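[1] The following block contains a protein sequence and its predicted model.
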Amino acid sequence: DRPELAGAHPAETPGAAPAYIERDAAPRLRAALAGGGFVLVVGESTAGKTRLAYEVTRARHPRHPFVRPLSRAALPEAVRIAARRRRAVLWLDDLEDYLGAGGLTAAQLATLSRTLVVATMRVQEYRRYDAREESRLTGSDRDAWRAQRDLLQRATVLRLARHWSPEERRRAAAHQADPRIGAALRAGERFGIAEVLAAGPELRASWENAWAPGTNPRGAAVVAAAVDCRRAGLRRPVSREWLRALHAPYLAARGGGDLQPEPFAAAMDWACASAYATSGLLIGNYGQGYTAFDYLLNAPGPEPVPDHLWRGLLARVEPVDAYDMGLVAHQEGRLPRAVEALTRAHRGGVPGAELPLAIAVGDSGRPRRAAADLAGIVRRREDRLGPRHRDTLAARHQLAFFTGEAGDDRAAAARFAELAADTEAVLGPDHPDTLATRHQLAYFTGEAGDGRGAARQLERLLADRLRVQGPRHPQTLATRRSLIWYRATEPAEAGRQLAVLLADAEGLLGPDDPHTLAIRSSLAALAARSGRPAEATGAWAALAADRTRVLGAEHPHTVYARLEWARALIAEGRADEARALLARVLDAAGRVLEPGHRHLRTARELAAIAAAATAPADSGIVVREAEPGPP
């Protein structure tokens, strides 16, 4: 009868937990538990997922031993304890904290044949493993991402909405004599009842209001640092001394001494106090460390984690923490951060760090270096596991991709042709990895000069993707884009098809998704190829601005957009503007791209053309096809 000990957020005002109100998802959860195995409840912070899972599991299995690891380090012992029991529940509240290096594996799950594994996960974390996130990764999946995704796919997943249905609210009304439930009902339908019971909105407002001078601005800065530690990928609590060091730049950015900040001890007391008699803004204690209340991570439109927090945190964490931070940075397109963190993890001996590190190196603008590293990884995996083991196939995919990115399109196509046959034999013709390999084979076939052959391959691939993955899948959209580009279509018709595809992508994925940006890249390139330089200039300028905002100025895709913007300016006769833009591009790209990178060669060629240009009609400019973007 103590759901808070299972991880449920305490409710407003002290005393016994509020009565459990059955959710609409309860019958489905009971059915899932009856099937045994691995059950995962996914929902937003304070949606009530932990309380639902705990109450339904306790009602169904009241005599099962309850085994809950309190940290990732304790997970192996918890698995051993649960596996030794004739029956047990292994409880993994906030499953994201048990994934990654040293986390739950498929092998551990296989030892729990008599154990019911019940887990909860915030929807924002679960989305890191959906099809859209998969499509953000250059090449194929990273090993670590694939292992965690495959683990989640073993679970029976139930989704819990944050907002309560009319029927759920009617069931809650039977308990409104409890002032906490009555207040939650009176709050209206803007918030879910569990959300209000945990005082999530009030806590967030308390944090925002604390920045006012003379209130608790240092406490607000401490909370901001703790929130960004979690957003940066740190899975474990942060010590008091770390917060003392990490919060200072947040306070300085808001005004420093002008805010009349309180002493640090008072700031910690305020942040940890059980405001509204629920969880504090920080959860934990001096010995265990502190974690930001997860509701605070859901603030709309947060700015990227600032460099001062990232660097200060990375300098303090263990290699296994750096591994988690590197994966998050890579998935968010923060490639220099990913390389830095994964290098730290690899040097610290974290198992499996070498492949994501090689991919991050290649994605960040050093494909030749990545291909060399991947060749060694492939050799070692072939020797240890064989050429057709799934882990070897993943490394071979990345080697083939970065071979092409380094400039050898024919060699990449040959590698992908061999890999496609092996992947289909091992995983089957409809497996996502088989389809991804076929996509890359078609792309590099086209880049090697056989556009018609690429179009034929893409037509067959699109039919298979529509059958297997459906029209809304991000990879289906990517295949449509490539097919439009390589198919010998009249430019006006190609433009119409790309415009339709862009509308589909914006509706399904959003305006900032890499697939959406890649379609805009194809549209801009088509305008240039069709002799519409003014239209191309505007399109490339807008795309460069959006890629800078989403990916950063030094990301290779941003560099590419700015190069094509300069090319369009030259074609318009605006050579002076192009020269100034190219100088900025070379300054940024030269710091991150390896010598001889194709973007650097293009930048120098365009700079020479701009310097010599007298009229755009005589420049002889040839527009390069759009970069592949996410596969």
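    The structure has been received and is ready for your questions.
[2] where exactly do the helices run in the stretch 201-350 of the chain?
    Along the stretch 201-350 of the chain, counting by DSSP state H, counting those that start in this stretch, helices occupy 217-231, 240-246, 248-254, 264-272, 307-314, 319-331, 335-347.
[3] I meant the stretch 1-150 of the chain, not that one.
    With DSSP H, counting those that start in this stretch as the criterion, the stretch 1-150 of the chain has helices spanning 26-34, 49-60, 75-84, 106-110, 123-126, 131-134, 143-153.
[4] With mean neighbour count added, can I get these in JSON lines?
    Placement of C-beta: from N, CA and C, glycine included. Output for these, formatted as JSON lines (neighbours: other C-beta atoms under 10 Å):
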{"stretch": "helix 26-34", "mean neighbour count": "16"}
{"stretch": "helix 49-60", "mean neighbour count": "23"}
{"stretch": "helix 75-84", "mean neighbour count": "17"}
{"stretch": "helix 106-110", "mean neighbour count": "13"}
{"stretch": "helix 123-126", "mean neighbour count": "16"}
{"stretch": "helix 131-134", "mean neighbour count": "18"}
{"stretch": "helix 143-153", "mean neighbour count": "19"}
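[5] ranking those helices by mean pLDDT, which is last?
    Sorting the helices of the stretch 1-150 of the chain by mean pLDDT places helix 131-134 lowest, at a mean of 50.
[6] Got the phi and psi for A406?
    Main-chain torsions, A406, degrees, to the nearest 10: phi -80, psi 0.
[7] roughly how far apart are it and D430?
    A406 is 31 Å from D430, where distance means C-beta to C-beta, to the nearest Å.
[8] Between these two, which has more neighbouring residues?
    A406 (22 against 13; other C-beta atoms under 10 Å).
[9] okay, the more buried one: pLDDT?
    On pLDDT, A406 comes in at 95.
[10] thinking again about what came up before, right, so of the helices of the stretch 201-350 of the chain, which gets closest to E77?
    helix 319-331 (16.7 Å; C-beta to C-beta).
[11] Name the residues that touch the top strand by length along the chain?
    If you go by DSSP state E, the chain has its longest strand at strand 115-122. In this structure, residues lying in contact with strand 115-122 by C-beta atoms under 8 Å, 6 or more residues apart in numbering are 7, 33, 36-45, 49-50, 53, 57, 61, 64, 82-83, 85, 87-96, 98, 109, 155, 294, 297.
[12] Give me the buried subset of those.
    Among the contacts of strand 115-122, those scoring as buried are 7, 33, 38-45, 49-50, 53, 57, 61, 64, 82-83, 88-96, 98, 109, 155, 294, 297 (criterion: 16 or more other C-beta atoms under 10 Å).
[13] Low-confidence regions, this structure specifically.
    Within the chain, the segments meeting pLDDT under 70 span 9-16, 130-146, 183, 185-200, 274-279, 299-301, 614-631.
[14] could you pull out the strands for it?
    In the chain, the segments counted as strands under DSSP E are 38-43, 66-67, 88-92, 115-122, 156-160, 282-285, 289-292.
[15] Need these in TSV (columns: distance to R562).
    Formatted as TSV, the strands of the chain follow (distance: least, C-beta to C-beta, whole Å):
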stretch	distance to R562
strand 38-43	39
strand 66-67	54
strand 88-92	45
strand 115-122	36
strand 156-160	41
strand 282-285	42
strand 289-292	37
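[16] To A524, which of those lies closest?
    Ranking the strands of the chain by proximity to A524 (C-beta to C-beta) places strand 115-122 first, at 36.9 Å.
[17] Pairing partners for that closest one, with directions?
    The pairing partners recorded for strand 115-122 under DSSP bridges are strand 38-43 (parallel), strand 88-92 (parallel).
[18] closest to R567 out of these?
    In terms of C-beta to C-beta, the element of the strands paired with strand 115-122 nearest to R567 is strand 38-43, at 45.5 Å.
[19] Need the contact partners of the closest one.
    25, 29, 32-33, 49-50, 52-53, 95, 109, 116-123, 126, 152, 154-162.
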